[in-house]
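> I would like to see how this sequence folds:
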Amino acid sequence: MVRNGEIGIEDAKRVLRRFWWILPITIVSGTVLALAAAFTMPKKYTSTTLVLVEQPTVPVDYVKPVVSADLSNRLASMKQQILSRSRLEPIIVKFSLYANDRNKLPMDDQVERLRQTIDVALMEPMSGSQGRAPGFKVGVTFDNPRTAQEICSELTSMFMEQNLTDRGNITRETTSFLSRELEDAKAKLDEQDTAVAQFQRMHMGSLPDNEQTNLSLLTGMNSQLEANTQALTRAQEDKALNEGLLGQQEAAWKAAQSGHNPETQEQQLVALQEQLASLLTRYTSEHPDVIKLQGQIEQLKQHIAEAPKTVTDEDHRNAAAKTEPAQIQQLRARIRQDNINIADLNKAQDTIQGRIRVLQARVESSPAIEQQFKELTRNYQTALDFYNNLLRKRQDSGIATDLERTQESETFRVLDPPSLPAKPSSPKIPVMAGGGFGGGLMLGLGILYLLAISDKSYHTERDVEISLQLPVLTMVPSLIWNGNGNGTTSGITGSSLSIEKNA
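So this is what the prediction gives:
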């Protein structure tokens, strides 16, 4: 007795012993039916072709390909395009497919029906190929082997053409895009270049490269200013000295002209000697003014030695009638030269001070200008690097476009042309027979299971105790007599003798 649908080993053995003939009947029936279906079903033929992906003839180390998508992704994209209605409908019309159903089925259903017969699958990657698939297979299953071969050949050609078209479009669009970006980058680079050049013109001499030069020039200008100041001081002192000498000479000359307190040559000699002593306090004996004054003293001494001892009043009047002495004229010329020298030195000093102010302003503004110049040069360098990078990529893309045009890049090559199937690919008789065998076996087991769970008879002491919930005292097997007078026992078919616990 089966309880709660649970079949034990003993129950299974008992059912198999009684109904073993069910399994052979269901298995044979299922196999025969499957074979009959296999022979009666319409036959399908599969034409296959193998397309190999050839690597570029130029190594990728020399020319980097523009199309870098994985073959599986590109194949999926091409498959969606080729299996679209716009690509399959011309095939249906070209090969007159489904002629009997053309008026019954709409074109969308015919396209879907053809799409179900097409199979595109990648090949398994080979060892050492870094996971790249070497190619893909195209299969077409149809009820006519020649038609299947023609459709497979057509689809293979479409895949190859689509690959060339896609790769060519990608390379051309990439080159065009990089060209546009390169033009924009060049415009920005020109703007940065113009900004840098304008900044250099505006801050000429104040750029970071000129800082050390400005410091050197400032040091030189300070030295020139100091030397010019000293020269100006000496010129002013010379002018003051010459003006003093001129005053003395003019006073003596005027006195000699008026006849009052005439100055003798001895007095002139004393005055020149005093002037020489004053010059020697400031200059050396080799100074031009000192040498010149010494010469005048020597001439005066010689003149005194050669002059007569007595001078009459007539001589004084004749001397007074003469023009200014040469000494006075020389002193006036010296003073005029001193004025010119002082004016030149003042002008030079103003120029030097102006240049010093300019240099000081440049040195003071150098840090701020350097910061601005660094920012400009950094932006320019960034624009230049970006431009060079785009230029290099555009050149690589142009070379890749040429490779695509000459078909020297990655291409599809038909390794095995579409086959003409000699045997049908479906239905497969061994597979159908195996399916019928398995189906018959499952059917037989199901029938045996139903028979087992439908058996309510008692076969063991445990079945009686569970059913009656009473302990069993003894069990009497039923006897079945055969024609030879021998009997065999079977399960309990009558009532079991039992007694209550408290009887």
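
> Need the pLDDT of the residue most central in space within the chain.
Compute the mean C-alpha point of the chain, and by Cα atoms, centre = their mean the closest residue is N389, 8.7 Å away. Predicted confidence (pLDDT) for N389: 90.

> Now do the same for it: helix, strand or coil?
Here N389 is recorded as helix under DSSP: H, G, I helix; E, B strand; the rest coil.

> so where's the stretch 251-400 of the chain uncertain?
256-267, 306-324 (pLDDT under 70).

> ah, wrong one, I meant the chain
1-8, 56-69, 127-131, 256-267, 306-324, 406-409, 455-503.

> Longest strand of it, counting residues only.
What stands out as the longest strand in the chain, according to DSSP state E, is strand 45-54.

> Pull the residues that contact it.
Identification of contacts with strand 45-54 by Cβ atoms under 8 Å, 6 or more residues apart in numbering yields 71, 123, 133-145, 148-149, 151-153, 156, 159-160, 410-421, 423-426. All C-beta atoms are positioned from the backbone trio N, CA, C, and that covers glycine.

> Next, the angle strand 45-54 makes with the helix or strand just after it.
Going down the chain from strand 45-54, the next helix or strand is helix 71-82, by DSSP states H and E. Relative orientation of helix 71-82 and strand 45-54, computed by axes from the mean of the first three to the mean of the last three Cα atoms, to 10 degrees: 130 degrees.

> Pull out the buried residues from helix 71-82.
Of the residues in helix 71-82, those with enough neighbours to count as buried (16 or more other Cβ atoms under 10 Å) are L71, R74, L75, M78, K79, I82.

> Leaving out sequence neighbours, find the closest residue to the second one.
Distances taken as Cβ to Cβ, 6 or more residues apart in numbering put D166 closest to R74, at 7.1 Å, once the chain neighbours are dropped.

> Shouldn't the one you found be within a helix?
Yes: D166 forms part of a helix when assessed by three-state DSSP.

> Let me know how buried it is, in neighbour terms.
Applying other Cβ atoms under 10 Å, we find 16 other residues in the vicinity of D166.

> and it, how far is that from L232?
For D166, the distance to L232 equals 88 Å [Cβ to Cβ, to the nearest Å].

> before we move on, what about P417?
To L232, P417 is 107 Å away according to Cβ to Cβ.

> same question, I447
For I447 relative to L232 (Cβ to Cβ), the value is 136 Å.

> Likewise for Q55?
Here Q55 is placed at a distance of 87 Å from L232 (Cβ to Cβ).

> Which one's more surrounded, the two?
L232 (17 against 13).

> So M204: helix, strand or coil?
coil.

> Based on its surroundings, how many neighbours for it?
10.

> residues touching it, list them.
With contacts defined as Cβ under 8 Å, 6+ apart, M204 has no neighbours.

> make it 10 Å
M204 is in contact with N210, R362, counting by Cβ atoms under 10 Å, 6 or more residues apart in numbering.

> now the helices for the protein?
Using DSSP state H, the helices assigned to the chain run over residues 9-19, 22-40, 71-82, 85-94, 107-116, 145-202, 211-258, 265-280, 288-306, 313-320, 326-405, 429-454, 461-468.

> From E154, how far out is I92?
Taken as Cβ to Cβ, the span from I92 to E154 is 11 Å.

> So the chain: which segments form each domain?
Here the domain assignment for the chain is 210-387, 458-503, based on automatic domain parsing.

> Going through the contacts of strand 45-54, which ones are buried?
Applying 16+ other Cβ under 10 Å to those, the neighbour count classes 71, 123, 133-136, 138-142, 145, 148-149, 151-153, 156, 159-160, 410-412, 414, 418-419, 421, 424-425 as buried.

> picking up where we left off before, the residue nearest to R74 and N73 touch, don't they?
No: using Cβ atoms under 10 Å, D166 makes no contact with N73, being 11.4 Å away.

> how many other residues sit next to Q275?
Q275, neighbours per other Cβ under 10 Å, totals 22.

> burial of the closest residue to it other than its chain neighbours, as a residue count?
Of all residues not flanking Q275 in the chain, L245 sits nearest, at 5.5 Å (Cβ to Cβ, 6+ apart). Close neighbours of L245, defined as other Cβ under 10 Å, add up to 23.

> Hmm, A271 and L245 touching each other?
Yes: counting by Cβ under 10 Å, L245 does reach A271; the two are 8.0 Å apart.

> Tell me the residues that contact both of these two, please.
Residues touching both L245 and A271 by Cβ under 10 Å, 6+ apart: Q327.

> which ones are touching the nearest residue to P42 once chain neighbours are set aside?
Leaving aside its sequence neighbours, P42 sits nearest to D143 (Cβ to Cβ, 6+ apart; 5.8 Å). Shown in contact with D143 (Cβ under 10 Å, 6+ apart): P42, K43, K44, Y45, T117, P424.

> Not counting sequence-adjacent ones, nearest residue to the second one?
Beyond its immediate neighbours in the sequence, the residue positioned closest to K43 (Cβ to Cβ, 6+ apart) is P424, lying 3.8 Å away.

> roughly how far apart are the one you found and T46?
8 Å.

> quick one: common contacting residues for these two?
T141, P145.

> Could you report the distance from P417 to E250?
On the measure of Cβ to Cβ, P417 and E250 end up 131 Å apart.

> Over to T156?
Distance, T156 to E250, by Cβ to Cβ: 126 Å.

> Contacts only, for the residue nearest to M41 when sequence neighbours are not counted.
Excluding the flanking residues, the one nearest M41 by Cβ to Cβ, 6+ apart is P427, at 4.8 Å. Residues near P427 by Cβ under 10 Å, 6+ apart: A34, L35, A37, A38, F39, T40, M41, P42, K43, K44, G435.

> repeat for G244
G244 touches Q275, S278, L331, counting by Cβ under 10 Å, 6+ apart.

> any chance of those in CSV, with distance to I291 too?
Shown next, in CSV, are the contacts of G244 (distance: Cβ to Cβ, whole Å):
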residue, distance to I291
Q275, 13
S278, 15
L331, 16
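
> From these, pick the one nearest K13.
Checking the contacts of G244 against K13 with Cβ to Cβ, the nearest one is S278 at 155.5 Å.

> That closest one contacts L245, doesn't it?
Yes: S278 lies in contact with L245 (Cβ under 10 Å); the separation is 9.0 Å.

> Mind listing the shared neighbours of these two?
L293.

> So what's the residue count around W21?
Neighbours of W21 under the rule other Cβ under 10 Å: 8.

> can I assume P424 is in contact with K44?
Yes: judged on Cβ under 10 Å, P424 makes contact with K44 at a distance of 5.9 Å.

> Next, show the common contact partners of these two.
Common neighbours of P424 and K44 (Cβ under 10 Å, 6+ apart) are T141, D143, P145.

> what is the first one paired to in the beta sheet?
The bridge-partner assignment for T141, based on DSSP bridges, gives T46.

> mind checking how far it is from V431?
Taking Cβ to Cβ, one finds T141 at 15 Å from V431.

> Also A255?
A255 is 156 Å from V431, by Cβ to Cβ.

> before we move on, what about R336?
Taking Cβ to Cβ, one finds R336 at 133 Å from V431.

> re earlier: any chance of TSV for the contacts of P427, columns distance to L50 and neighbour count?
Output for the contacts of P427, formatted as TSV (distance: Cβ to Cβ, whole Å; neighbours: other Cβ atoms under 10 Å):
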residue	distance to L50	neighbour count
A34	33	22
L35	33	15
A37	32	13
A38	29	19
F39	32	11
T40	33	8
M41	28	12
P42	27	8
K43	24	14
K44	20	17
G435	30	17
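
> Looking at the residues you listed, which one is closest to S366?
Nearest to S366 among the contacts of P427, counting by Cβ to Cβ, is K44 at 88.3 Å.

> if I pick that closest one, what's in contact with it?
T117, T141, F142, D143, N144, P145, A148, P421, P424, S425, S426, P427.
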